[in-house]
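A.B. asks: Model the structure of this input:
(2 chains)
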Amino acid sequence: MDTKQLEFEKTVNVFINSIEKYFNKLTDTPIQTHPPFIKQPDDLVLKECTGMIGISGSKMGLVYISGGMELFRDLILQYVGLEKPTTSDMLDMAGELSNVVAGNVRESYGREFMISIPIVFQGSPDKLKFPKDVPIYVIPFDWDGHEAYMVIGLK
Amino acid sequence: MISTRININKSQSQLFAKHSPQAMEDLSVKNYHSSFPSEEYLNRLFGQTYVINWPMSEVGGDGYWAYEDEEGFAFLIVYDCSGHGRFASMMTRYYANILTEAIKGQGLKMPSSILDFVHESAKNDWVNHQNNLNVGKSADMGVMVLDKSRKKIYFSGAGMDFVYIQKEEFNKIEGSKVQVGDRFDIEHSYSYAEIPLRKLKKTSCYMFSDGATDIFGGPRNKKLKLSGLIEAIVKCQKETTLKEEKAQMEKFFNHWSGSNEPLDDLLLIGLRF
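C.D. replies: Down below sits the predicted model:
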């Protein structure tokens, strides 16, 4: 395994630890992560609702977390207590999740690892383009019966 | 126009433009701002108005709600939900839904009854879940009602005041200190004040979140406080229209805070009837 690969796996693990920590803090139900795979150029690894963060500084790229509305609805129900969250609430939850996960990763890498504010979107917008020169890794995970993806493209 | 202060450095924004959804709107930011009435709508209800709404991050916990019913009662409610960011933003919609039910559903007119209804609704929702409250549920709230047929203003506040400035002299109708959605162990009872509209001629009125007075900065890097806010407004009022006053106040807040990162959401609404 080359150095770049080792470095990348280390980074992916930091993200996995971060998302596990966040779900453990918010809820009593831990997430289950599944083996990562590389996204093929034509794959659209997107669910209904996505929170995306741009990364610059010591690493360059993006990370996003994408899940169905029901995942975010149940997170709000369990953590906030709102019984009838609106679509806007669920989008806010997606933004919050991606922001905190990336923020926790920043703590591991220090100030040189810079994160943008999250962009939240629904579905598969036409304008979404992935960087071509970076392998995009997909980490599938389940939480409380909901399937979701954390997607990382870094160099 | 939406006024937001989003602190993002150049390299981050360039990277984001390159690597992620180019020119894509952040739906949560769009939804936050579009959930509040426009200045044009407020102008139709109240005359001249302006809104400065600066959440400390991309979205926030300050909000406002307005409506005019068929009997000529025009309502303006300003609220400041606990906390910041996206969870607080959720709470702005939670309180907006209760206000819709209170005013459009139940037909309540008096501001104190509206506050009572809001608090009781929050109490019903949260009192049995107090151990599970991970996110702040309370809010400061000011309710102003313009009764167009009787030409009167009614105001009631829960942790929020109503301020008006006449000939550089400042007056305040103090709200109760007790927020809505808080202290379920005590009885909440909100009272209201009324002012004839003729007393408010050539007068500017204001409702604002505590972010407008708690903003740090100035020569000694201290809180602006109410006195500082009033002084700034009075200075800005030398401009002739509220639109010009808005621009001056935005400039003032930016100048006052300088390089300080915002510590709270800031909402200021000015009105001239």
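A.B. asks: Please, where are all the helices along chain A?
C.D. replies: A:3-26, A:69-79, A:87-109 (DSSP state H).
A.B. asks: If you count neighbours, what's buried in the second one?
C.D. replies: Right, helix A:69-79. A:Met69, A:Leu71, A:Phe72, A:Arg73, A:Asp74, A:Leu75, A:Ile76, A:Tyr79 (16 or more other Cβ atoms under 10 Å in any protein chain shown). Quick note: C-beta positions are derived from backbone N, CA and C, even for glycine.
A.B. asks: what helix or strand is the residue nearest the centre of chain B on?
C.D. replies: Of all residues in chain B, the one closest to the mean position by Cα atoms, centre = their mean is B:Val78, 3.8 Å from it. Per DSSP states H and E, B:Val78 falls inside strand B:73-81.
A.B. asks: Please apply the same query to B:Asn171.
C.D. replies: Going by DSSP H and E, B:Asn171 is part of strand B:169-173.
A.B. asks: Can you name the residues that contact the most centrally placed residue in chain A?
C.D. replies: Nearest to the mean C-alpha position of chain A, counting by Cα atoms, centre = their mean, stands A:Ile65 at 2.7 Å. Residues in contact with A:Ile65, defined by Cβ atoms under 8 Å, 6 or more residues apart in numbering or on different chains, are A:Ile19, A:Thr50, A:Gly51, A:Ala94, A:Leu97, A:Ser98, A:Val101, A:Ala148, A:Tyr149, A:Met150, A:Val151.
A.B. asks: and what of B:Thr203?
C.D. replies: B:Tyr164, B:Ile165, B:Gln166, B:Arg272, B:Phe273.
A.B. asks: Just give me how far stretch B:149-165 sits from the chain centre.
C.D. replies: 13 Å (Cα atoms, centre = their mean, to the nearest Å).
A.B. asks: do stretch A:144-155 as well
C.D. replies: Distance, centroid of stretch A:144-155 to centroid of chain: 5 Å (Cα atoms, centre = their mean).
A.B. asks: residue ranges of the strands in the stretch 101-250 of chain B, please?
C.D. replies: B:139-147, B:152-158, B:162-166, B:169-173, B:193-196, B:204-208, B:216-217, B:222-223 (DSSP state E, counting those that start in this stretch).
A.B. asks: Tell me which of these is the most buried.
C.D. replies: Of all the strands of the stretch 101-250 of chain B, strand B:139-147 has the most neighbours on average by mean count of other Cβ atoms under 10 Å in any protein chain shown, namely a mean of 26.
A.B. asks: how far off strand B:73-81 does it point, in degrees?
C.D. replies: If you take axes from the mean of the first three to the mean of the last three Cα atoms, to 10 degrees, strand B:139-147 sits at 170 degrees to strand B:73-81.
A.B. asks: Counting by contacts, list what strand B:139-147 packs against.
C.D. replies: Under the contact criterion of 3 or more Cβ pairs under 8 Å, 6 or more residues apart in numbering or on different chains; DSSP states H and E, strand B:139-147 touches strand B:73-81, helix B:85-100, helix B:111-126, strand B:152-158, strand B:204-208.
A.B. asks: which one of these lies closest to B:Pro262?
C.D. replies: Across these, the minimum distance to B:Pro262, taken as Cβ to Cβ, is reached by helix B:85-100, at 11.8 Å.
A.B. asks: and of the contacts of B:Thr203, the nearest to A:Lys25?
C.D. replies: B:Tyr164 (45.5 Å).
A.B. asks: Would you confirm that that closest one contacts B:Met207?
C.D. replies: No. Using Cβ atoms under 8 Å, B:Tyr164 is not in contact with B:Met207; the gap is 10.1 Å.
A.B. asks: which residues of the chain score low on pLDDT?
C.D. replies: Going with chain A. A:1, A:4, A:127-129, A:131 (pLDDT under 70).
A.B. asks: should've been chain B
C.D. replies: B:1-24, B:130-133, B:239.
A.B. asks: Report how many residues lie close to B:Asn134.
C.D. replies: Neighbours of B:Asn134 under the rule other Cβ atoms under 10 Å in any protein chain shown: 13.
A.B. asks: Setting aside sequence neighbours, what's the nearest residue to it?
C.D. replies: Excluding the flanking residues, the one nearest B:Asn134 by Cβ to Cβ, 6 or more residues apart in numbering or on different chains is A:Tyr79, at 5.2 Å.
A.B. asks: so the one you found sits right up against A:Thr27, yeah?
C.D. replies: Yes. Using Cβ under 8 Å, A:Tyr79 is in contact with A:Thr27, at 6.6 Å.
A.B. asks: Which strands and helices lie in contact with the strand holding B:Asn171?
C.D. replies: Secondary elements touching strand B:169-173 (3+ Cβ pairs under 8 Å, 6+ apart): strand B:162-166.
A.B. asks: Summarise which helices and strands the strand it packs on is packed against.
C.D. replies: strand B:169-173, strand B:204-208, helix B:225-236.
A.B. asks: can I get these in TSV with distance to B:Gly157?
C.D. replies: Shown next, in TSV, are the helices and strands packed on strand B:162-166 (distance: least, Cβ to Cβ, whole Å):
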stretch	distance to B:Gly157
strand B:169-173	7
strand B:204-208	8
helix B:225-236	14
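A.B. asks: Looking at those, spot the one closest to B:Leu146.
C.D. replies: Short answer: strand B:204-208, nearest of those by Cβ to Cβ, at 10.2 Å.
A.B. asks: for the closest one, the distance to its chain's centre please.
C.D. replies: 10 Å.
A.B. asks: Next: stretch A:93-101.
C.D. replies: Worked out by Cα atoms, centre = their mean, stretch A:93-101 lies 8 Å from the chain centre.
A.B. asks: That stretch and chain B, are they touching?
C.D. replies: Yes. Stretch A:93-101 lies within reach of chain B by Cβ under 8 Å from any Cβ of the partner chain, at A:Met93, A:Ala94, A:Gly95, A:Glu96, A:Asn99.
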